Structures are given as C-alpha cells and as structure tokens.
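Enquirer: below are the sequence and a predicted model; questions follow.
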Amino acid sequence: MTDAPIRVLLVDDHAMLRAGFRTILETQPDISVVGEASTGREAMAQAAALRPDVITMDVQMPDMDGIEATRRLVADPDLTASIAIVTTFDRDDYLYQALDAGASGFLLKNAGADDLIAAVRALAIGDGMLAPEVTRRVLARFAGAGNGAGDEGRTATTAPAPAKDTVPTADASPGIPALVEPFTEREAEVLVLLADARSNAEIAAALYIGEATVKTHVSRILQKLGARDRVQAVVLAHRHGLA
C-alpha cells in the first residue's frame, strides 16, 4: 500500500448511511472519503471528477440503479476505481448482476465496521471482497453452471486443475472470452487455491513457494482471464470450468 490514502467515493441515497460509512472509514489514517453521491448518475459524475480508488455502491437508487452505474463505470477506460456493492438485500439476483457488471466486492449493510474497512483496503490493492455468507453461493452457482446441477455442491479445492497447455473455449458460456494463452501447470494450481478464497500467504504455504512468486502468478492469471481482480478471476474460472 502506498503512503497516499485510499480515496473513497460513497454512493447511497440515504444520507445517514453515507454519514455512518464516512465516520467508520475516516477513523483509519490510510482511508480518505473524497466524495458522496445519492444516485447512479451522480456517482458517474463524481467518479469522473474525483478519480477515487474505491467506490461503495448501493443498488436501489433513483435516477440510475447501482448495477447499471457499476456497469458504466467499469466500462469507462478512463476510470480505474474498484467498486463494492453494499446493499441491504441479500438477493442472489443482485449478487450475480453486480459481479456480471464488474463489481469487485459485495457486502451487506449489516456487515461490521471492520468488514467495510477490510473491503476498502482489499479493493484498493486489486483484491476482491465478498461477504462470507454469499461466497459459497457464488462458487456453487458458477461451478454448477459449468458442470451440471449434480456438481453444485462441489468445492473448489476438489475441482480438477485444467490440463497444461489447454485453452478453454467460450462456447458453453456466452460472453466469456477464451484465454489469451494457456495456463501453466503452476498457474492452474494457484487458480484452484484462489477459488478456495486462499490468501497469497496461504497459497504460498500450500505450494511451498514465496509470496512474491504467488503475486506474479496471480497477475498472470488475471491477465489471461481478462479479469480486473481476484473475485472476477474466480467467477470466470468457474464459468470456464477451470476451478
């Protein structure tokens, strides 16, 4: 993490909730709330003007909802902010739409202060953050979609690694691009552990390699999948049937 504070834009149509988030985040010396917005359109304007590192985004808002705002912000090549959807509603449709739109995190508004702070820090360094209660549903959904309903309960740790030098196709999942180039055997091993929500330190320990090496492999995996962060890499991997 650099010495500059993480710049955060808060987007929610409830002023009291934004005030609460601001209070929580600004207790941290490495986080600065640089702006607020109450609609999706305001969020787009504020993001363009303020260039935040992280955006916390509500879903249900007037003028433009948070899912559509996320989709447009992620599609803008001039903006690099990572977006965390923060919603009251623990609904699968919101979750999957948010991930499809390019969100890097998904939290419920009943999450603790520490969870919000951790999410902002994770997104700021290119990691993703899913609420623990929704992570299993995400993995089960995409694993089931790629391998049949009978495999829905399979965990990522038991999934077979893709064969070396094998390039998956996008035929079974429209909109999912084929890999730029195939994974190496080690990258495939790292990907399976990523899909099990392992940290870099845990991956390094499991594979008996250094954390710096893990970071290199993760970077290459993101590049090959065309993913912005670890959450999207896991989603794409499950859709490809790779994890």
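Expert: On my side now, so go ahead.
Enquirer: after the helix or strand containing Met16, which helix or strand is next?
Expert: Met16 is located in helix 15-25, with elements delineated by DSSP states H and E. Toward the C-terminus, helix 15-25 is succeeded by strand 31-37 as the next helix or strand (DSSP H and E).
Enquirer: against Thr216, how distant is the residue nearest the centre of the chain?
Expert: The residue lying closest to the centre of the chain (Cα atoms, centre = their mean) is Ser104, at 2.4 Å. Distance, Ser104 to Thr216, using Cβ to Cβ, to the nearest Å: 21 Å. Placement of C-beta: from N, CA and C, glycine included.
Enquirer: then the helix holding Met16 to PDB, C-alphas only?
Expert: Only the C-alpha atoms of helix 15-25 are listed here, as PDB (Å, rounded to 0.1, in the frame of the first residue of the first chain):
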ATOM      1  CA  ALA A  15     -27.600  10.500   3.800                       C
ATOM      2  CA  MET A  16     -27.500   9.000   7.200                       C
ATOM      3  CA  LEU A  17     -26.000   5.800   5.900                       C
ATOM      4  CA  ARG A  18     -23.300   7.700   4.000                       C
ATOM      5  CA  ALA A  19     -22.500   9.600   7.100                       C
ATOM      6  CA  GLY A  20     -22.100   6.400   9.000                       C
ATOM      7  CA  PHE A  21     -19.800   5.000   6.400                       C
ATOM      8  CA  ARG A  22     -17.800   8.200   6.400                       C
ATOM      9  CA  THR A  23     -17.400   8.100  10.100                       C
ATOM     10  CA  ILE A  24     -16.200   4.500  10.100                       C
ATOM     11  CA  LEU A  25     -13.800   4.900   7.200                       C
END
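Enquirer: average pLDDT for that helix, rounded please.
Expert: Helix 15-25 shows a mean pLDDT of 95 in the predicted model.
Enquirer: equivalent analysis for stretch 31-50, please.
Expert: Mean pLDDT, computed over stretch 31-50, is 96.
Enquirer: which residues are in contact with that stretch?
Expert: By Cβ atoms under 8 Å, 6 or more residues apart in numbering, the residues outside stretch 31-50 that reach it are 5-13, 15, 18, 21-22, 25-26, 52, 55, 57, 61-66, 68-69, 72-73, 76, 78-79, 81, 117, 120-121.
Enquirer: how does it look with 6 Å?
Expert: Outside stretch 31-50, the residues within contact range by Cβ atoms under 6 Å, 6 or more residues apart in numbering are 5-11, 13, 18, 22, 25-26, 52, 61-65, 69, 73, 79, 81, 120.
Enquirer: and the end-to-end length of it?
Expert: By Cα to Cα, to the nearest Å, the extent of stretch 31-50 from end to end equals 15 Å.
Enquirer: break the protein into its domains for me.
Expert: Each domain of the chain is listed here as a residue range: 6-130, 152-240, per automatic domain parsing.
Enquirer: lowest-confidence stretch among those?
Expert: It's domain 152-240: among these, that one has the lowest mean pLDDT, namely a mean of 68.
Enquirer: all strands for the protein, in order.
Expert: In the chain, the segments counted as strands under DSSP state E are 6-11, 31-37, 54-57, 82-87, 105-108, 129-130.
Enquirer: strands paired with the first one, and their directions?
Expert: Translated: strand 6-11. strand 31-37 (parallel), strand 54-57 (parallel) (DSSP bridges).
Enquirer: turn these into CSV, including distance to Leu130.
Expert: Formatted as CSV, the strands paired with strand 6-11 follow (distance: least, Cβ to Cβ, whole Å):
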stretch, distance to Leu130
strand 31-37, 20
strand 54-57, 14
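Enquirer: quick check: Asp12 vs Glu68, distance?
Expert: If you measure Asp12 against Glu68 using Cβ to Cβ, the figure is 15 Å.
Enquirer: give me the phi and psi for the residue nearest to the centre of the chain.
Expert: Note on Ser104: backbone dihedrals following degrees, to the nearest 10 are phi -100, psi 0.
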